[in-house]
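K.L.:
Quick one, structure for this:
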Amino acid sequence: MIDIIMTPIRAIRVRYIPLLLIYFAYGSSAFVGIASSFWIKKELSLSAEDLVALGVWLTVPWTIKMIFGQMVDSVTIFGSNRKAYVYIGAILMTLSTFLLMGIVGESSWVAMYSKESVYIFASVLGVVGFVMQDVVADTMTTEVVDTTQSPEEIKKELAIIQVLSRLSLGLAIFLMGWLGGELADIYGYETVFKCSLFIPILSVIGVSVVRLNPIAPTPLNKKVLFGGLFFALFVIILGYNDVPYSQEIVFVVSLAVVLYLLSTLIEDLDADTIKHIKMAMIVIFVYRAMPSVGPALQWWEIDVLKFDESFFAKLSMIGGGIALVGMWFSAKFIINRSIGKVLIFLTIMGTVLSLPILAMYYKIHTLFGIDARTIALVDTALASPFDYIAGVLMLTLVAIYAPEGKKGTWFALMASLMNIALSASGLFSKYLNQIFVLSREIKENGIITTPSQYDDLGLLLWIVIGVGFVVPIVTILKFNPDPKGKK
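P.N.:
Numbering: from 1, shown residues only. Down below sits the predicted model:
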C-alpha cells in the first residue's frame, strides 16, 4: 500500500512542474462550468437538441488538431514552435472570457448581438485556444523525459508523466469546479467569468519557464497540413451555409481524413505494432462514442430534484477529489495492466454507477427514505475516477509510439480520432433527443413559452445505459488491443 501511495510522489521531477501547470490551467476550465450551465438554462432559449448539436460543432476544433500539430512540429513563430502557440491560445481564451463577461453582464458593447450568437462565438474562440495549448502540452510530455535512460525506462517515464498530467488536471477540477460553483451561488455568474481570467495566465507562466529537450523543427508534411486546412475550410463552408445533415457529413469526412493521415504516419512501423495500434484505436473509439442523455438530465436534476449551484459545486469538488485519489492509487495499476481488461472493468463499473440516477427518476429512493442529494453525492464519488483512467490508458499508448520528429502531429491526429468519437457520441445523443423530446421551462417576459417536459427521460436513460454496456464489451472482446505479455 505504501508503495502504491508513494508511486506518483517518487515520480515527480522539477522539470515536470511547468508542464503540469499547463494541464492545471486546462482543468481549471471547470471553474466556469456550473455558472455557465445555470446561466444557459436561465437566459438562453437553446433547446436540449440545440445544445447537443452545438457540442458536436465544438468538437470540430479538436478534430482538426492535426493542423496545429503540424504547425507545432514544423512552423516557428518568433523563433519558437512551442511557447508561441501557448501564448496565442491564451489570447484566444482571454477574448472568449471577455465576450462571455459582456453577455452575462449585459454590457452595451455586445447588446446589438443576440446572446445566443455571442455565446456560440465565444465558445468557439475558447475551444480553439484550449486546443492549441493542449497540442503543445501533449507534445511536451515526450520532451521533458530523461533521454539518457534505457528504452524501457523511457517508456515507464512516459507513462508516469501521463498519470501526473491527469493528476494535475484532476486537482484543478477538484479545486476550481467547487470554487467556481460556490462563487456563482454567492456572487453571481459575472463574477465567476471575471475571475476565470486567471486560467490563461497560469498556462503562460507554465510555458514560460518549462525546459524541454531540444527538438529541431521538421519539414512540413504537406498531406497533413493542407489536408487539415482543406478539411477546416470544408467544415466552415458547410456550417455557414446550413447544409442539411452537415454534422453527419463532417463526421464521415473527418473520420476518413484522420484515418488516412494516421495510416501514412504509422506505415513505417513494424506489422505487430501497427496491428496493436489499430486494435487499440477501434476499442477506444467505440468506448468514447457511446451516447449520453444530454443537458436535459441536469435540467431535470435542477427542476425536479432541486439541485442548486452550491450543491453542484459540492458534486464537482467530490467528483474531482475522488478522481484525483483514484488516479493516485491506480497509477501503478495503469502502468502494468492491459487496456482491454481495464476497459471492460470500467464499462461494467460505469453501468452499475448509472443505475442510481435511473432509480431516482422512478423515485425508488423515496421508498427507502433516502434523500436524492445523498445518492448523487455517493454516486459521484464512486464514478469519478473511471473516465480519467480510460484517458490515461490511451494517452500512454500514444506517447509510447510517438515517432521522433512527428510527435506534435502524432498526438494531434490520435487526439483528433478520439474527439471524432466524441462527435459520434454527440450525434447519437442528438438523434435520441430528437426521438425523446425533453425540455426545461422557458420564460419570455415572465410568460412561459415552453413548459418543462421530462416524461421520456426514464426510457432515454434505459437506452443510454444499455447501449453503453453492451456495445463496448462486445467490441473489446472482439478486438482485443493488448500486446503479448500484458496481464
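
K.L.:
Give the rounded mean pLDDT of the one helix or strand G227 maps to.
P.N.:
Assigned by DSSP states H and E, G227 belongs to helix 222-240. Taken as a whole, helix 222-240 has an average pLDDT of 76.

K.L.:
and that helix, how far out from the chain's middle?
P.N.:
With C-alpha atoms, centre = their mean, to the nearest Å as the basis, the distance from the averaged C-alpha position of helix 222-240 to the chain average is 22 Å.

K.L.:
and if you look at stretch 425-436?
P.N.:
The chain centre lies 19 Å from the centre of stretch 425-436; the measure is C-alpha atoms, centre = their mean.

K.L.:
Could you check how far the residue nearest the centre of the chain is from P356?
P.N.:
Residue closest to the average C-alpha location in the chain (C-alpha atoms, centre = their mean): N419, at 8.2 Å. With distances taken as C-beta to C-beta, to the nearest Å, N419 is found 29 Å from P356. The C-beta positions use only the backbone N, C-alpha and C, and glycine is treated the same way.

K.L.:
now swap in V474 and tell me
P.N.:
25 Å.

K.L.:
The residue nearest to the centre of the chain reaches T63, doesn't it?
P.N.:
Yes: with contact defined as C-beta atoms under 8 Å, N419 counts as touching T63 (5.2 Å).

K.L.:
Could you point out which residue ranges in the chain have low pLDDT?
P.N.:
Applying pLDDT under 70 to the chain picks out residues 1-11, 56, 212-214, 239-241, 316-339, 377-408, 443, 445-446, 481-487.

K.L.:
Tell me how many other residues crowd L171.
P.N.:
Residues lying near L171 (other C-beta atoms under 10 Å) number 20.

K.L.:
With L297 instead?
P.N.:
Neighbour count of L297, defined by other C-beta under 10 Å: 19.

K.L.:
got it, and L21?
P.N.:
As a burial measure, L21 scores 22 neighbours (other C-beta under 10 Å).

K.L.:
Hmm, it is touching I205, no?
P.N.:
Yes: counting by C-beta under 8 Å, L21 does reach I205; the two are 6.4 Å apart.

K.L.:
hang on, the earlier thing: tell me the buried residues in the helix holding G227?
P.N.:
Within helix 222-240, the residues scored as buried using 16 or more other C-beta atoms under 10 Å are V224, L225, G227, G228, F231, A232, V235, L238.

K.L.:
what comes into contact with that helix?
P.N.:
In this structure, residues lying in contact with helix 222-240 by C-beta atoms under 8 Å, 6 or more residues apart in numbering are 57, 60, 64, 66-67, 69-71, 74, 246, 249-250, 253-254, 257, 260-261, 264-265, 409, 413.

K.L.:
Buried ones only from these, please, as a ChimeraX command.
P.N.:
Of the contacts of helix 222-240, the buried ones go into a single ChimeraX selection, burial set by 16+ other C-beta under 10 Å:
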select :57,60,64,66,67,69,70,71,74,246,250,254,257,261,265,409,413
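
K.L.:
Now intersect the contacts of helix 222-240 with the helices, please.
P.N.:
Among those, the ones falling in helices (DSSP state H) are 57, 60, 66-67, 69-71, 74, 246, 249-250, 253-254, 257, 260-261, 264-265, 409, 413.

K.L.:
what residues are up against M132?
P.N.:
Shown in contact with M132 (C-beta under 8 Å, 6+ apart): F68, Y85, V86, I88, G89, L92.

K.L.:
Which residue ranges of this protein form strands?
P.N.:
Under the criterion DSSP state E, the chain contains strands at 442-444, 447-450.
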